[in-house]
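Q: Quick one, what's the 3D model for this:
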Amino acid sequence: MQEVSRVRSTKRLPFERNPLLSGPIGKEQIHREKLNPHYVVGFIDGEGSFSISIGKHKTTKNGFDVRPEFEIELRKDDQEILERILVTIGCGKIFDCSYERYGWFPHAKYKITSNKDLRDYLFPFLDKYPPQAKKGAMYNRFKTIVTIVLNKQHLKPGGLEKITEIRSEMRALGKKARIYGNREGAGKPLAP
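A: Predicted coordinates:
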């Protein structure tokens, strides 16, 4: 009997952006007035999202990569408010999102993914104008995880476990969190 196996090509196809979507917009391209910081923090309370992704990574010591991300997503026709939030906070990028296949209106997403930008821009802003709703507790946990990553404690024994524990607490605060018997979160595994 002959053994048959599939081999994936190691050749990567060049990245092609959807021609209907524009590239990301940074603060250099935006010339808008800043918003009242209290308005921005209220907006973050309602529409902001703090997330932590943990994925396998070949080159890290422990084999995992931790990617913190802050974002706000709105319909494309509200992009001006995202641009003004970006200018007020001072960092991040705005991306076009297409949900055509779902029949939805186009969206725009404001994202901060750089750990240094999170530390240097977002954290001082949110420390000065803290979120008032449940998002405040979410922010404190998010900030703890980013600090662990910046200090490279996630590469030490127990560091990744601490991050997954804090991430589980964040998921329990989220809008999709439910507890059914032994399953926590939104029906997804809480740790790698």
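Q: what's the pLDDT at the closest residue to Asp120 other than its chain neighbours?
A: Spatial nearest neighbour of Asp120, chain neighbours left out: Cys91 (7.5 Å); criterion: C-beta to C-beta, 6 or more residues apart in numbering. Quick note: C-beta positions are derived from backbone N, CA and C, even for glycine. pLDDT for Cys91: 93.
Q: quick one: Cys91 from Ala172, how far?
A: According to C-beta to C-beta, to the nearest Å, Cys91 stands 29 Å off from Ala172.
Q: Ile72 - how many residues pack around it?
A: Ile72 has 23 neighbours, counted by other C-beta atoms under 10 Å.
Q: Name the SS class of it, please.
A: Classification of Ile72 by DSSP: H, G, I helix; E, B strand; the rest coil places it in strand.
Q: Now do it against Glu80, distance only.
A: Using C-beta to C-beta, one obtains 13 Å as the distance from Ile72 to Glu80.
Q: any idea which element the residue nearest in space to the middle of the chain lies in?
A: By C-alpha atoms, centre = their mean, the chain has its centre lying nearest to Glu69, at 2.4 Å. Taking DSSP states H and E as the criterion, Glu69 maps to strand 64-75.
Q: again, but for Ile52
A: strand 48-56.
Q: Give me the distance from that strand to the chain's centre.
A: Centroid separation for strand 48-56 versus its chain: 5 Å, with C-alpha atoms, centre = their mean, to the nearest Å.
Q: Just give me the neighbour total for the closest residue to Leu155 other than its chain neighbours.
A: Spatial nearest neighbour of Leu155, excluding adjacent residues (C-beta to C-beta, 6+ apart): Lys61 at 4.9 Å. Neighbours of Lys61 under the rule other C-beta under 10 Å: 10.
Q: And the pLDDT for Lys61?
A: For Lys61, the pLDDT comes out at 72.
Q: That one: what secondary structure?
A: Secondary structure, three-state DSSP: Lys61 is coil.
Q: I'd guessed it sits against Pro157; true?
A: No: taking contacts as C-beta atoms under 8 Å, Lys61 lies outside contact range of Pro157: 10.3 Å.
Q: Would you mind measuring from Phe64 to His57?
A: From Phe64 across to His57, the span is 6 Å (C-beta to C-beta).
Q: Which of those two has more residues huddled nearby?
A: Under the criterion of other C-beta under 10 Å, the comparison of Phe64 against His57 puts Phe64 first, with 16 against 13.
Q: Please report how far the more buried one lies from Lys76.
A: Phe64 sits 35 Å away from Lys76, going by C-beta to C-beta.
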